[in-house]
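Student: after the sequence you'll find the predicted model.
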Amino acid sequence: MNKLKVAVIGCGSIAKHRHLPEYANNKDVEIVAVCDIVEERVKEFADQYQATAYTSYQELLASPSIDAVSVCTPNYLHAPISIAALQAGKHVLCEKPMATSRLDAENMIKAAQENNKKIMIAHNQRFVPSHQKARQLIENGEVGKIYSFRTAFGHGGPEGWSADGAESWFFKKEQAFIGAMGDLGVHKTDLLRFILGEEFVEVGAFIETSAKANADVDDTAVCVLKTESGIVGTLAASWSYVSKEDNSTIIYGENAILRLEDDPINSLVVQYKSGEVVKYELGGIQTNDSGGQTNTQVIDQFVNAIIQDVEPAVSGEEGMKSLQVVLSALQSNETKQIVSF
């Protein structure tokens with residue numbers, strides 16, 4: 001079989017630590033092109049992966065030899081570049097949040113359908129072993145009725161991770177559109193939808209900029225969420241956690257409490273009503289500190305969807321539903337009202 005020829009647009013940290021190395025490790029893929037507006041940066045990656053360097057994504061997309069692209073740019077470019085790529089006949093893997101408005105997300109899905117191409121959103125938390133196991137336990141009824149949850153995703157902020165440090169686009173509203181809620185919160189809205197197997201219908205949110213003097217986007221957000229069956233819980237997303245990263249989720253059910261990524265060794269701890277405790281060592285979640293050595297499975301899932309011609313693991317529709325929760329949280333914060341969606 002011929003290898004899938006892929007290109008990465010945007011050569012910041014997520015491309016450097018996740019997309020490029022994971023494509024390079026996939027036997028069905030050949031990295032043929034990389035693109036970034038910073039010439040020096042793109043040349044370095046082009047040399048490393050023996051790929052063609054571009055500083056214009058339009059030029060890259062004009063190349064007929066490219067089968068698929070990863071869009072790893074600032075948030076405001078996700079939709080325009082993804083749509084242009086789909087219209088140029090390329091499959092698209094887009095970083096999260098997929099877009100900055102519902103309309104843009106809908107147009108991305110439409111472009112994929114009209115051009116008969118795949119679009120997948122890079123929500124890697126679905127593939128974390130503890131999260132997969134928790135979904136399974138809930139699905140098979142072992143946890144019983146789910147009452148509530150609390151989830152948090154927080155660290156010291158993108159300056160420790162982004163290629164541009166404190167000058168990063170993450171802090172600029174016109175490029176990022178949304179701060180911690182878009183960077184981290186959308187991971188958790190997607191994760192909860194996946195684990196609980198339900199859609200959210202209401203949200204109330206408080207969203208602040210309290211920790212980052214250089215930001216005109218939010219850095220601290222707390223939301224109260226309600227699903228269609230009445231499961232209620234909280235979601236915290238923050239760039240103001242000055243010590244260890246927190247990426248934990250706790251689910252409270254009728255028969256058991258599930259603690260996910262809450263213990264440094266056991267990635268899932270199940271505390272049963274009977275007093276029995278079952279600990280699973282399933283391998284940790286990827287963190288910004290792990291040097292990007294772990295495989296997030298996002299790339300492999302995307303490549304597999306193209307080769308097998310199946311629906312991607314996180315479709316455009318799924319990405320849009322997870323984005324909608326975040327957009328509604330913003331609306332709630334602005335109107336100071338509970339928002340139904």
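Tutor: Cool, the structure landed.

Student: model confidence over the longest helix along the chain, on average?
Tutor: Determined from DSSP state H, the single longest helix within the chain is helix 316-335. Mean pLDDT, computed over helix 316-335, is 98.

Student: how many residues are close by the closest residue to Lys172 other than its chain neighbours?
Tutor: Nearest non-adjacent residue to Lys172, counting by CB to CB, 6 or more residues apart in numbering: Asp216, 6.8 Å away. Heads up, the C-betas are built off the backbone N, CA and C, glycines and all. Asp216: 12 surrounding residues under other CB atoms under 10 Å.

Student: so Asp216 makes contact with Trp169?
Tutor: No - with contacts counted by CB atoms under 8 Å, Asp216 stays clear of Trp169, the gap being 11.7 Å.

Student: before we move on, back to that, list the buried residues for the longest helix of the chain?
Tutor: Using 16 or more other CB atoms under 10 Å as the test for burial, helix 316-335 gives 316, 318-330, 332-333.

Student: and after it, which helix or strand comes next?
Tutor: Sequence order places strand 339-340 as the next helix or strand after helix 316-335, per DSSP states H and E.

Student: roughly how far apart are the residue nearest the centre of the chain and Ser168?
Tutor: The centroid of the chain falls nearest to His123 when counting by CA atoms, centre = their mean (3.3 Å). Between His123 and Ser168 the distance is 21 Å, computed by CB to CB, to the nearest Å.

Student: show me the shaky parts of the stretch 51-200 of the chain.
Tutor: Low-confidence segments of the stretch 51-200 of the chain (pLDDT under 70): none present.

Student: can you give me the helices for it?
Tutor: Here the stretch 51-200 of the chain has its helices, by DSSP state H, counting those that start in this stretch, at 57-61, 78-87, 102-114, 129-139, 173-176, 180, 186-196.

Student: where's Asn2, which helix or strand?
Tutor: Secondary structure assignment for Asn2, by DSSP H and E: no helix or strand.

Student: equivalent analysis for the one 4 residues further on, please.
Tutor: Per DSSP H and E, Val6 falls inside strand 4-9.

Student: what's the helix or strand following that strand in contact with?
Tutor: Counting by DSSP H and E, the next helix or strand C-terminal to strand 4-9 is helix 13-14. The contact list for helix 13-14 (CB atoms under 8 Å, 6 or more residues apart in numbering) reads Cys72, Glu95, Trp161, Ser162, Ala163.
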